[in-house]
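Undergrad: Need a 3D model of the following:
(4 chains)
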Protein chains: 2
Amino acid sequence: MMRAPGDRVLESLLQLGNADSLDNVQAIVCRLVAPLGYDRVLFFATTAQSDPIVDRIYWAEGDWFGDGSSVDAETYQRRCPIAQHILTARGPFFWIKTADHGYRVVPKPTGSGIKGFQVPVYGPIGLEGAASFGGTRIDSAARTQLLLELVAAVAFRRCRHLLDGDAQALPRTLSVREREVLGWVAAGRKHAEIAQTLGISERTVENHLRNVRHRIGVKTTSQAVQAAIRLGELILPQED
Amino acid sequence: MMRAPGDRVLESLLQLGNADSLDNVQAIVCRLVAPLGYDRVLFFATTAQSDPIVDRIYWAEGDWFGDGSSVDAETYQRRCPIAQHILTARGPFFWIKTADHGYRVVPKPTGSGIKGFQVPVYGPIGLEGAASFGGTRIDSAARTQLLLELVAAVAFRRCRHLLDGDAQALPRTLSVREREVLGWVAAGRKHAEIAQTLGISERTVENHLRNVRHRIGVKTTSQAVQAAIRLGELILPQED
DNA sequence: TCGGAATTGAGGGTTTTCCCTCATTAAACC
DNA sequence: GGTTTAATGAGGGAAAACCCTCAATTCCGA
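TA: Numbers count the residues shown, from 1 in each chain, chains lettered A, B, ... in the order given. Coordinates of the predicted model:
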């Protein structure tokens, strides 16, 4: 396998961070990873909501399914279920496609089929997306893993910046009522109790909590409690 | 300013990821950033709360306060309140010390006083820590920013891997498994997902969570998340 | 005056979590 | 040996939380 000169790698990463178009990002990423055997590249953002984890695909490069079919979020998730594993991973991992058309996470990629390296990307509230690099004859050296991680981090951020614009700004602050409701949840109250306490209907409590989840972009109310505490939106009661 | 050859940079990052001691990490980081004018380096892990965000300092290098005083978590937080800004930042930022002994976040560092670059590090449950690089005459080129980001990410992960073993030795009210399960709940995962991640049945996940609730004496899991954060129990154990 | 947030509430569901009890295994400890 | 704790899992049912959409207020700023 070729080893790209380090200087050019750093230079490319720098360009990546300033790329002014998606095409540009694509070109630079491909130039970096193609020599290592990765001819399929896919970047996607994860949803805040649970079921389909693939929210939107920033871009896809190469023939992921070997039949020239295009890759949309649903297709990718259905046909490459290994993507689901980023929910259970704490870092990048290799996967291979097995003989029986299944996928498996492996410490080192072997065999002759399609295989790849998936890199989760994290942000202030947890998982934000992932980069998927695939190919049939891929380099899996430690140096390559590092390179792919760096490329994933820099390129993902650039993609999001280019495509989601200011939507990526840190979650706005919660409204007074939302904070109030969430505060009671964090204090262990059930919706019905909160409704009674605040003199509103249980439905309204639910609505506030859903707004909270959407606003700070998390999946569950428990996660919202955690995120709100981190964001300073919820003041923790002092220890007794 | 010197430009470190890219090849050596990548090689150093690779060494950093495999460093077998903290001294080693320190040496490599300093070798990388010193030529850019950063003679003060500090890595710390954050708490899950916003009030005291500095949980533990992995290591500190250089005379941060100009008086030779040592740097512990409390001192650092009190004397360098700019650290708080990583809570609202979405990425790295420069800061400078102003004439009136205050600190300010700036797009580009200017002036002759002490200034620095702070890089947050994120994981599955959001902010996990940060690296702080400081000096009086620092390079702030885009290339340098990139380098510092890469160094921070790789070195932080290595520090945590090397040091968090003894943090687990602290007396805890929750068992390892209970903390693990609760950590994933706080990260927004459902019981079924957690079960799959940990390779246990959904029933066992429920049991662990009930034990958590009983053990720390709360009514709901959301409250348990809040309480665990306060107790410093909320950590996603990483197996590297 | 118009558009946008905040706040309130409902209908009509589905999914997830939580509740009780009971049971097994493997360490750790005296 | 006994005892305690951690970790695992089950059955069965009840409660809570969650999902979608729609809609009426009020109030504030452009």
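
Undergrad: which bits of chain A sit near DNA strand D?
TA: A:49-50, A:190-192, A:206-207, A:209-210, A:213, A:219-222 (C-beta under 7 Å from any atom of the strand). All C-beta spots, glycine's among them, are computed from the backbone N, C-alpha and C.

Undergrad: how does it look with 6 Å?
TA: Counting by C-beta under 6 Å from any atom of the strand, chain A comes close to DNA strand D at A:49, A:190-191, A:206, A:209-210, A:213, A:220-221.

Undergrad: Identify, from the residues you listed, the entry nearest to DNA strand C.
TA: Closest approach to DNA strand C among the residues of chain A next to DNA strand D (C-beta to the nearest atom of the strand): residue A:220, at 6.2 Å.

Undergrad: Is the closest one in contact with residue B:188, as I believe?
TA: Yes - when contacts are counted by C-beta atoms under 8 Å, residue A:220 is listed as touching residue B:188 (5.0 Å).

Undergrad: Neighbour count: these two, which is higher?
TA: Taking neighbours as other C-beta atoms under 10 Å in any protein chain shown, residue A:220 and residue B:188 compare with residue B:188 leading, 26 against 21.

Undergrad: Can you name the element that comes right after the helix or strand of chain A with the lowest mean pLDDT?
TA: Scoring the helices and strands of chain A by mean pLDDT, DSSP states H and E places helix A:73-79 at the bottom, with a mean of 65. Downstream of helix A:73-79, the next assigned helix or strand under DSSP states H and E is strand A:93-97.

Undergrad: which strands and helices sit next to that following strand?
TA: On a contact count with 3 or more C-beta pairs under 8 Å, 6 or more residues apart in numbering or on different chains; DSSP states H and E, strand A:93-97 meets strand A:103-106, strand A:115-123.

Undergrad: Parallel or antiparallel, which strands does it pair with?
TA: Using DSSP bridges, the strands paired with strand A:93-97 are strand A:103-106 (antiparallel), strand A:115-123 (antiparallel).

Undergrad: and residue A:116, how many neighbours?
TA: A count of nearby residues for residue A:116, using other C-beta under 10 Å, gives 25.

Undergrad: Just list the residues touching it, thanks.
TA: For residue A:116, the contacting residues are A:38, A:40, A:94-95, A:109, A:132-135, A:138, by C-beta atoms under 8 Å, 6 or more residues apart in numbering or on different chains.

Undergrad: now the residues you listed in a markdown table, with secondary structure?
TA: Compiled in a markdown table, the contacts of residue A:116 are given as follows (DSSP: H, G, I helix; E, B strand; the rest coil):
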| residue | secondary structure |
| --- | --- |
| A:38 | coil |
| A:40 | strand |
| A:94 | strand |
| A:95 | strand |
| A:109 | coil |
| A:132 | strand |
| A:133 | strand |
| A:134 | strand |
| A:135 | strand |
| A:138 | coil |
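
Undergrad: Quick one: mean pLDDT over the longest helix along chain A.
TA: Criterion DSSP state H: the longest helix present in chain A is helix A:142-164. What helix A:142-164 shows for mean pLDDT is 90.

Undergrad: Sort out which residues of the next helix or strand after that helix are buried, please.
TA: Under the assignment DSSP H and E, the closest C-terminal helix or strand after helix A:142-164 is helix A:176-186. For helix A:176-186, a neighbour-count test (16 or more other C-beta atoms under 10 Å in any protein chain shown) marks A:177-179, A:181-186 as buried.

Undergrad: sorry, back to before: least reliable of the helices and strands packed on strand A:93-97 going by mean pLDDT?
TA: strand A:103-106 has the lowest average pLDDT among the helices and strands packed on strand A:93-97, namely a mean of 82.

Undergrad: Could you point out which residue ranges in chain A have low pLDDT?
TA: A:1-6, A:47-53, A:68-79, A:81, A:84, A:87-88, A:164-172, A:235-240 (pLDDT under 70).

Undergrad: need the residues of it near DNA strand C, please.
TA: So far as C-beta under 6 Å from any atom of the strand goes, chain A lies against DNA strand C at A:175-178, A:200-201, A:203-204, A:207-208.

Undergrad: Now do the phi/psi pair for residue A:141.
TA: Backbone geometry at residue A:141, expressed as degrees, to the nearest 10, gives phi -60, psi 160.

Undergrad: Can you get me a residue count around it?
TA: Other residues within reach of residue A:141 by the criterion other C-beta under 10 Å amount to 12.

Undergrad: Next: residue A:127.
TA: Residue A:127: 26 neighbours (other C-beta under 10 Å).

Undergrad: hang on, the earlier thing: between the buried residues of helix A:176-186, which is nearest residue B:99?
TA: Nearest to residue B:99 among the buried residues of helix A:176-186, counting by C-beta to C-beta, is residue A:179 at 37.0 Å.

Undergrad: ok, the residue lying closest to that closest one once chain neighbours are set aside - contacts?
TA: Among residues not flanking residue A:179 along the chain, residue A:233 sits closest, at 5.9 Å (C-beta to C-beta, 6 or more residues apart in numbering or on different chains). For residue A:233, the contacting residues are A:173-174, A:179, A:182, A:216, by C-beta under 8 Å, 6+ apart.

Undergrad: how about a cut-off of 10 Å?
TA: A:171, A:173-174, A:178-179, A:182-183, A:212, A:215-216, A:224-225, A:227, B:50 (C-beta atoms under 10 Å, 6 or more residues apart in numbering or on different chains).

Undergrad: Of these, which is the most crowded?
TA: Busiest of the contacts of residue A:233 [other C-beta under 10 Å] is residue A:224, holding 32 neighbours.

Undergrad: Spit out the contact partners of it.
TA: A:125, A:174, A:178, A:182, A:185-186, A:209-210, A:212-218, A:231, A:233-234, B:186, B:188, B:222, B:225.

Undergrad: Count the residues that sit near residue A:100.
TA: 5.
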